[in-house]
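# prediction below, plus the sequence it came from.
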Amino acid sequence: MGLDNCVLLIDVDGTLIPSSIDFDELREKVRRLLNINHPLKPLGESIASLPLSDELKSKAWDIIEKAELDSIESLDLNTIRDNITLIRELEERGVKMYFVTMRSRRTLVKLLEKLGLSAFTDSSITRDVYPYRRKQLEYIKSLNPNKLLVFIGDTVYDEKAAEQAGVVFIKVGNYRELYTAVYKAIELCRSLDY
């Protein structure tokens, strides 16, 4: 089989790019703001599901968005040059891809601009569409019926969401393993009669 029946879903922070956000510190800031004692793991899904006023949630999202914007400023493109090249090569080969992220659309657009991958803005799913990873994956699945979806991510939360959504999952330890994971996904796509 070719790659026509396959769709790659790629997590952003920790998978496409290194995660430079100090999530422990960020969670602590959000806990102080909300005056709660909650683990906030995963952070975005926790905030979305907590019984809070829209105003408080909005303030929490603002704190998170600032950290996301700061992380773009500190991102060294030289560290991810290979990943950017890989994504462009896949695009040239006609491989269908989506970026799946718990970032806001605003910060993802800025990030993709910095990476020179703005063409993927419309094929990206952010927390603004769904603040739950499983829902993000199910949504993409609904857009691609009868296709094999392979999700590449770096957390146990990604893995659990993929399992719940019925999507094949490949785990990376960090962004340096994206190349290997993508080619593992391509081999899987080629080997399955889907």
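Arrived safely.

# so how far is stretch 177-188 from its chain's centroid?
Relative to the centre of its chain, stretch 177-188 is centred 16 Å away, using CA atoms, centre = their mean, to the nearest Å.

# what's the offset of the helix of greatest length in the chain from the middle of its chain?
In the chain, taking DSSP state H as the definition, the longest helix is helix 54-74. A distance of 16 Å separates the C-alpha centroid of helix 54-74 from that of its chain, computed with CA atoms, centre = their mean.

# after it, next one along is what?
Once helix 54-74 ends, the next helix or strand along the chain (criterion: DSSP states H and E) is helix 81-92.

# show me the helices in the protein, by range?
Secondary structure of the chain (DSSP H): helices located at 23-34, 43-49, 54-74, 81-92, 105-115, 133-143, 156-165, 178-191.

# quick revisit: contacting residues around the longest helix of the chain?
Counting by CB atoms under 8 Å, 6 or more residues apart in numbering, helix 54-74 makes contact with 13, 19-22, 26, 29-30, 33-34, 43-44, 47-48, 50, 52, 103-104, 106-107, 110-111, 114, all of which sit outside it. All C-beta spots, glycine's among them, are computed from the backbone N, C-alpha and C.

# PyMOL command for the buried members of those residues?
Buried members of the contacts of helix 54-74, identified by 16 or more other CB atoms under 10 Å, are gathered into one PyMOL selection as follows:
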select buried, resi 13+21+26+30+34+43+44+47+48+103+104+107+110+111
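
# how many neighbours does the residue nearest to residue 169 when sequence neighbours are not counted have?
Ranked by CB to CB, 6 or more residues apart in numbering and with sequence neighbours excluded, the top spatial neighbour of residue 169 is residue 162, at 3.6 Å. Around residue 162 sit 24 other residues, with neighbours defined as other CB atoms under 10 Å.

# and if you look at the one 4 residues further on?
A total of 10 residues lie near residue 166 under the criterion other CB under 10 Å.

# what does residue 78 give?
Counted with other CB under 10 Å, the neighbours of residue 78 add up to 7.

# do the one 10 residues further on as well
When neighbours are defined as other CB under 10 Å, residue 88 has 14 of them.

# which residues touch the closest residue in space to it that isn't next to it in sequence?
Taking CB to CB, 6+ apart, and ignoring the residues beside it in sequence, residue 88 has residue 117 as its nearest neighbour in space, at 7.7 Å. With contacts defined as CB under 8 Å, 6+ apart, the neighbours of residue 117 are 84, 87-88.

# and of those, the nearest to residue 168?
The closest of the contacts of residue 117 to residue 168 turns out to be residue 87 (CB to CB; 19.2 Å).

# contact partners for the closest one?
10, 16, 97, 117, 120.

# how about residue 150?
Under the criterion of CB under 8 Å, 6+ apart, the contact list for residue 150 reads 6-9, 167-170, 185, 188-189.

# selecting buried members of the residues you listed in PyMOL, what would you type?
The following PyMOL command selects only the buried members of the contacts of residue 150, with burial defined by 16+ other CB under 10 Å:
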select buried, resi 6+7+8+9+167+168+169+170+185+189
